[in-house]
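Visitor: what shape does this take:
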Amino acid sequence: MEIDRLDGRTPNQLRPLAWDTKVLAAVYGPKAGTKKNENPEKACIEVIWKPKTGQSGKAEREYEMILKRTLQSICILTLNPNTTTSVIIQVVNDDGAVSFKAMHFS
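Guide: I've put the predicted structure just below:
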């Protein structure tokens, strides 16, 4: 048996699925009013992604958009028209599975 990797796995072995990614998710709303350029006949979903450290960058904006589109596709937005629901994701620890965890827990 030949071991080529630093973690001791052979070339045909997969990584174990034990992730150490941690995120906190908070949901506020629905509250009255929608953001500018939003349809007042539907609810608005606002997603704020806060990285573990530092400022939000391009990756965080992309995560926000993916999560927002996912939530918009599964929520009945006409149920509470002219309202906004805010979803805030705070990354506590990221080992590479952060976008999956955020969608799973929000």
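
Visitor: C-alpha from now on. contacts and neighbour counts both.
Guide: OK.

Visitor: give me the low-pLDDT residue ranges for the chain?
Guide: Counting by pLDDT under 70, the ranges of the chain that qualify are 1-3, 16-19, 97-106.

Visitor: the strands in it, which residues?
Guide: Assigned by DSSP state E, the chain shows strands spanning 22-32, 44-50, 83-93.

Visitor: what angle sits between the shortest one and strand 83-93?
Guide: Calculated by axes from the mean of the first three to the mean of the last three Cα atoms, to 10 degrees, strand 44-50 forms an angle of 20 degrees with strand 83-93.

Visitor: so what's the gap between strand 44-50 and the chain middle?
Guide: 9 Å (Cα atoms, centre = their mean, to the nearest Å).

Visitor: what residues does that strand touch?
Guide: If you take Cα atoms under 8 Å, 6 or more residues apart in numbering as the criterion, strand 44-50 is touched by 34-35, 38, 56, 60-61, 63-65, 67-68, 71-72, 77, 82-91.

Visitor: quick check: angle from it to strand 22-32?
Guide: Going by the same axes, to 10 degrees, strand 44-50 makes 150 degrees with strand 22-32.

Visitor: again with the last one
Guide: Between the axes of strand 83-93 and strand 22-32, defined by the same axes, to 10 degrees, the angle is 170 degrees.

Visitor: returning to that earlier point: and the strands of the chain, which is most packed in?
Guide: strand 44-50 (a mean of 21; mean count of other Cα atoms under 10 Å).
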